[in-house]
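Engineer: sequence plus the predicted model coming up.
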Amino acid sequence: MHVNWGLLVVLYLFLAGMAGGIYFTTAMYEFFNKDINEKIKKGYFYAFVLLLIAVFFLILDLERPARFIHMMFAYKFFSPMSMGSWGLFFFGLNAFITVCINSKGRLKALGDFFLRFLSYKAFILVGTALSIFLSAYTGVLLSETTMPLWSSTPFLGALFLTSGVSCGVCLLMLLNKDNEDFLKRGKILDNMCLIIELTVILFFILALTIGYVEFVEVKTIFTGLYGFLFIGLGIILGALIPLLINVSGKVTMLSPVLVLVGAFFLRYAIIFAGQIR
Amino acid sequence: MRFGMLNDVTRCTGCRSCQVACKQWNDRKPEETKNLGSYENPFSLSGNTWKRVKFVEKEEGDTVKWSFLSYQCNHCGDAGCMAVCPANAIKRTKNGAVYIDEKICTGCKYCLQACPFHIPHTDEEKKVSSKCTFCVDRISNGLPPACAKACPTGAIVFGSRDYVLTVAKERAAILAERGNKKFAIYGENILGGLGVIYLLPDSPEVYGLPEKPKTPPAINFVNVFSNSFVSLIAAMIITIGAYVSFKKEDKDAR
């Protein structure tokens, strides 16, 4: 089967969504909980690094990397890819500034320079908005096509957003295993994300099966290999089981790992199944 | 003046001279293909094949009707590929030809996903999107596209879009006189009016043409707005969730 968007695009969507999610989680923790320590603040750094890796995969997919620059010479409000490339740029810039402000040495001096223009809180607020945009736009991008699986429902943006934030929380939990307070609070947020994600998935499935699109056009996501990846790994292993583990009361590192694995396969199934004609 | 092209299935003999002429004029490379049990060759458009003749077999009682559909990019009035292109690499001439500027194309393949007819393909050598240009170099110099010039039966008619529509309607009237009740003129009004009009002796779906192709979403706006709206609601709920999860309780603060 020939697909136009393959594994590199899946990796990009997964990592970019997670970059947005980890920035969002760190920023929210800093806003609402004054006890943030340096280790949790590294979430901004992880977001920046994840974004760089994601963009690397994206540019690799283009096969002629220098061409990427042409997206920066165009601006189209109703082309999610155009908006997304600008969102990537500004999110990356903001994440870099946030990292500078929170670092030491020469980078700190650069961070102080940026603080002349905006307050730290303002940078974080803008970054939070951009992180939400980054995680959600990956889904909106797919909806702007003629592929029935992607364009028949209004839920892909929300699905990728909730999944991205859930991944961000989980990655930060895995990187702060020794911080019990954060693990406890992170688990609550992760539960909420998973509940919203499962609700969105439910609406997504309902819209596909009883909605205005013919089932035959979207059945690839429910049957065969992609059905297994989407329902088995993406939904059950990646959302339902972690939620049950979390609700059972134990703080275990298995749940965040499952969420990350599930989120990857969720995207994999949606991207590949959507391109079967 | 907007140019148009008529692909008249009732006059096409499947000689494929249009296919060959397109390859020659546009310097497209030959491709190795496999025989899949039909005279049809190649079986799909590609980065190197911008025009092809589709061989359609339809059983009607004891007989099989064999007809040929010469097709390429339809140069839509509302071109989805052009609307979504993030680099503004897809352009339209004042004559209505929609073409890809290979120097600007990033190879993101978004146009491939946005075309309701699945026309653009990747040129595997240049790593850019590729499709029929309506022979923009020829028509801007007063010449018809190579395929129209080569067609020996008058199945491909080129001229102003109004002229082409008139010819299509005249020929359709002849079909009606002969008792054909299923004929269709495809492309007059859909997607802002196609630049390529088809005169079909049967319903569009017999030829693999979508009856009601989706309006390119970027022009429709509905997908962007509905997805963004639902995402915004989800974002608000998650932000409230983050507040509930992370807020410093009073007793901790003390």
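Structural biologist: Ah, there it is.

Engineer: CA atoms for contacts and neighbours, from now on please.
Structural biologist: Will do.

Engineer: the closest residue to residue A:218 other than its chain neighbours: how many residues sit nearby?
Structural biologist: Distances taken as CA to CA, 6 or more residues apart in numbering or on different chains place residue A:149 nearest to residue A:218, at 5.3 Å, with adjacent residues excluded. Close neighbours of residue A:149, defined as other CA atoms under 10 Å in any protein chain shown, add up to 26.

Engineer: residue contacts, residue A:149?
Structural biologist: Going by CA atoms under 8 Å, 6 or more residues apart in numbering or on different chains, residue A:149 touches A:208, A:217, A:218, A:270, A:273, A:274.

Engineer: now it: how far from residue A:188?
Structural biologist: 32 Å (CA to CA, to the nearest Å).

Engineer: where's residue A:142, which helix or strand?
Structural biologist: helix A:120-143 (DSSP states H and E).

Engineer: buried residues in that helix?
Structural biologist: By 16 or more other CA atoms under 10 Å in any protein chain shown, the buried positions in helix A:120-143 come out as A:120, A:123-125, A:127-128, A:130-143.

Engineer: now it: mean pLDDT?
Structural biologist: In this model, helix A:120-143 carries a mean pLDDT of 94.

Engineer: show me what it is packed against.
Structural biologist: Contacts defined by 3 or more CA pairs under 8 Å, 6 or more residues apart in numbering or on different chains; DSSP states H and E place helix A:120-143 against helix A:7-32, helix A:80-101, helix A:148-151, helix A:156-175, helix B:222-246.

Engineer: how about the fourth one against chain B, any contact?
Structural biologist: This points to helix A:156-175. Yes: on the criterion CA under 8 Å from any CA of the partner chain, helix A:156-175 is in touch with chain B at A:156, A:157, A:158, A:159, A:161, A:162.

Engineer: next secondary structure element downstream of that helix?
Structural biologist: Sequence order places helix A:180-210 as the next helix or strand after helix A:156-175, per DSSP H and E.

Engineer: name the helices or strands packed onto that following helix?
Structural biologist: helix A:156-175, helix A:215-218, helix A:241-247, helix B:222-246.

Engineer: can you give me the angle the last one makes with helix A:156-175?
Structural biologist: Orientation note: helix B:222-246 sits at an angle of 30 degrees relative to helix A:156-175 (axes from the mean of the first three to the mean of the last three CA atoms, to 10 degrees).

Engineer: which other residues reach helix B:222-246?
Structural biologist: A:25, A:28-29, A:32-33, A:78, A:80, A:132, A:136, A:140, A:143-144, A:151, A:153-159, A:161-162, A:185-186, A:188-189, A:192-193, A:196, B:217-218.

Engineer: in that helix, which residues are buried?
Structural biologist: So, applying 16+ other CA under 10 Å, buried residues of helix B:222-246: B:223-224, B:226-232, B:234-235, B:237-239, B:241-246.

Engineer: pretty sure residue A:10 contacts residue A:268?
Structural biologist: Yes: the criterion here is CA atoms under 8 Å, and residue A:10 meets it with residue A:268 at 5.7 Å.

Engineer: so where is the stretch 51-200 of chain A shaky, pLDDT-wise?
Structural biologist: For the stretch 51-200 of chain A, applying pLDDT under 70 flags no range at all.

Engineer: any idea which of the helices and strands packed on helix A:120-143 is most buried?
Structural biologist: helix A:156-175 (a mean of 28; mean count of other CA atoms under 10 Å in any protein chain shown).

Engineer: chain center to it, what's the gap?
Structural biologist: The chain centroid and the centroid of helix A:156-175 are separated by 6 Å under CA atoms, centre = their mean, to the nearest Å.

Engineer: got the CA coordinates for it in PDB?
Structural biologist: Only the C-alpha atoms of helix A:156-175 are listed here, as PDB (Å, rounded to 0.1, in the frame of the first residue of the first chain):
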ATOM      1  CA  LEU A 156      -9.400  15.100  15.500                       C
ATOM      2  CA  GLY A 157      -8.100  18.400  16.700                       C
ATOM      3  CA  ALA A 158      -9.500  17.800  20.200                       C
ATOM      4  CA  LEU A 159      -8.300  14.200  20.200                       C
ATOM      5  CA  PHE A 160      -4.800  15.100  19.300                       C
ATOM      6  CA  LEU A 161      -4.800  17.900  21.900                       C
ATOM      7  CA  THR A 162      -5.900  15.800  24.800                       C
ATOM      8  CA  SER A 163      -3.600  12.900  23.800                       C
ATOM      9  CA  GLY A 164      -0.700  15.400  23.400                       C
ATOM     10  CA  VAL A 165      -1.300  16.900  26.900                       C
ATOM     11  CA  SER A 166      -1.700  13.400  28.400                       C
ATOM     12  CA  CYS A 167       1.700  12.500  26.800                       C
ATOM     13  CA  GLY A 168       3.200  15.600  28.200                       C
ATOM     14  CA  VAL A 169       2.000  14.900  31.700                       C
ATOM     15  CA  CYS A 170       3.200  11.300  31.500                       C
ATOM     16  CA  LEU A 171       6.600  12.200  30.200                       C
ATOM     17  CA  LEU A 172       7.100  14.700  32.900                       C
ATOM     18  CA  MET A 173       5.900  12.200  35.500                       C
ATOM     19  CA  LEU A 174       8.500   9.700  34.200                       C
ATOM     20  CA  LEU A 175      11.200  12.300  34.400                       C
END
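
Engineer: could you list every helix and strand in contact with it?
Structural biologist: Under the contact rule (3+ CA pairs under 8 Å, 6+ apart), helix A:156-175 is packed against helix A:7-32, helix A:120-143, helix A:180-210, helix A:254-274, helix B:222-246.

Engineer: return the angle between stretch directions for it and helix A:180-210.
Structural biologist: 150 degrees.

Engineer: do the one helix or strand residue A:57 maps to and chain B meet at all?
Structural biologist: For residue A:57, the host element (DSSP H and E) is helix A:38-62. Yes: interface with chain B: helix A:38-62 contributes A:61, A:62 (CA under 8 Å from any CA).

Engineer: need the contact partners of that helix.
Structural biologist: A:8-9, A:11-13, A:15-16, A:18-20, A:22-23, A:25-26, A:30, A:65, A:68, A:92, A:95-96, A:98-99, A:102, A:172, A:176, B:106-108, B:127.

Engineer: now that helix against helix A:120-143, angle please.
Structural biologist: Going by the same axes, to 10 degrees, helix A:38-62 is angled at 30 degrees with respect to helix A:120-143.

Engineer: so helix A:38-62 versus helix A:7-32, what angle?
Structural biologist: 160 degrees.

Engineer: buried stuff in helix A:38-62?
Structural biologist: Quick answer for helix A:38-62 (16+ other CA under 10 Å): A:40-55, A:57-59, A:61-62.

Engineer: same question for stretch B:162-178.
Structural biologist: B:163, B:164, B:165, B:167, B:168, B:171, B:172, B:175.

Engineer: quick one: residues contacting residue A:9.
Structural biologist: Counted by CA under 8 Å, 6+ apart, residue A:9 has contacts A:57, A:58, A:61.

Engineer: and it, how far from residue B:125?
Structural biologist: Distance from residue A:9 to residue B:125, by CA to CA: 20 Å.

Engineer: ok, now residue A:211?
Structural biologist: For residue A:211 relative to residue B:125 (CA to CA), the value is 41 Å.

Engineer: again with residue B:62
Structural biologist: Counting by CA to CA, the gap from residue B:62 to residue B:125 is 46 Å.

Engineer: give me the more crowded residue out of the two.
Structural biologist: residue B:125 (8 against 5).

Engineer: wait, a helix at that one?
Structural biologist: No: under DSSP: H, G, I helix; E, B strand; the rest coil, residue B:125 falls outside any helix and is assigned coil.

Engineer: so what does it look like in phi/psi?
Structural biologist: phi -80, psi -50 (degrees, to the nearest 10).

Engineer: assess the claim that residue B:79 and residue B:190 are in contact.
Structural biologist: No: if you go by CA under 8 Å, residue B:79 and residue B:190 don't touch, sitting 10.8 Å apart.

Engineer: right, I'll leave it there.
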